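> Sequence first, predicted model second:
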Amino acid sequence: MSEALYSGSYYSERHQRTLPAARAVTAFVRERLPMPVNSVLDLGCGVGTWLSVWREAGARVHGFDGDWVPAEHLQIPADALVRCNLAEGITFAQRVDLAMSLECAEHLPEAAAAGFVDTLCNAADFVLFAAAIPGQTGEGHINEQWPAWWARLFAARGFQCLDWIRPAFWDDGRLDWWYRQNLMLYVRNQRMAELRPPPPRQDGMPPALVHPGCLAMYLGSGAGTAPAAPRRRWFRGIRRLLGS
């Protein structure tokens, strides 16, 4: 990313909307990890909403993002933000308890993905990660991939994907849908036995899932393109499901 994608008002409104999600997920992750989280790194931190919540919990925070992030909207100290080009790779000499990157990696070229994951894996044994799936769309999205694509990059670096967050928050309106869709916890293989698994979902209700094949058909990228009328009905149904 090399230019501003969002206005200052976007960051202000997004901060207020994201705070409940950040607080809920932060509490969930703290309960799962085997140690206190005293330091956190965030690649693509924006104004630092998620880092501000970790800071409230007592962690030292380190954020990385571009020059376009407006200083007047920062939610973390200015000296906690390193302004950089995330596509060019990051050198971070310290180790932290938790590394994270949420809805950022899709903005970077595919060629930068391996180096981006390297930075996260070199920084911590536990990584909170979310990236846009195919068809999600958004400003500046140039590398939308399914979670398994990213999981293979992490696996090559000795990390296992734990899909614990999505089942726990799938129907939780405090989180924007893209967090509920994409959030994963990656753990270095040697640390897996130390984790505290979440309790199973208790309501017995199946989550509303859409198979990639179905999504591809309705996006027109499958074997055929769906007629316009069924597509409209499908998207109306999705909007009703999401309450929008």
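The structure has been received and is ready for your questions. Numbering: from 1, shown residues only.

> Next one: Pro36 from Arg60, what distance?
12 Å (Cβ to Cβ, to the nearest Å). Backbone N, C-alpha and C define where each C-beta goes, glycine included.

> and what of Glu106?
Counting by Cβ to Cβ, the gap from Glu106 to Arg60 is 28 Å.

> Look at the two and report which has more neighbours.
Glu106 (23 against 16; other Cβ atoms under 10 Å).

> Next, the contact list for the more buried one, please.
131-132, 136, 138, 141-145 (Cβ atoms under 8 Å, 6 or more residues apart in numbering).

> And stretch 59-79, what's buried?
The neighbour-count check on stretch 59-79 (16 or more other Cβ atoms under 10 Å) flags 59-66, 69-70, 73-76 as buried.

> now these as JSON lines including pLDDT?
JSON lines is the format used below for those (pLDDT from 0 to 100):
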{"residue": "Ala59", "pLDDT": "98"}
{"residue": "Arg60", "pLDDT": "98"}
{"residue": "Val61", "pLDDT": "98"}
{"residue": "His62", "pLDDT": "98"}
{"residue": "Gly63", "pLDDT": "97"}
{"residue": "Phe64", "pLDDT": "96"}
{"residue": "Asp65", "pLDDT": "94"}
{"residue": "Gly66", "pLDDT": "91"}
{"residue": "Val69", "pLDDT": "87"}
{"residue": "Pro70", "pLDDT": "88"}
{"residue": "His73", "pLDDT": "91"}
{"residue": "Leu74", "pLDDT": "94"}
{"residue": "Gln75", "pLDDT": "96"}
{"residue": "Ile76", "pLDDT": "97"}
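
> from the residues you listed, which single one is nearest Val25?
Ala59 (14.0 Å; Cβ to Cβ).

> any idea how this structure splits into domains?
Using automatic domain parsing, the domain ranges for the chain come out as 8-194, 212-242.

> and these, which is most packed in?
Burial of the domains of the chain is given as mean neighbour count (mean count of other Cβ atoms under 10 Å); domain 8-194 ranks first at a mean of 18.

> so where's this structure shaky on pLDDT?
1-9, 221-244 (pLDDT under 70).

> for it, what spans make up the helices?
8-32, 49-56, 113-123, 147-155, 165-169, 177-182, 212-219, 228-242 (DSSP state H).
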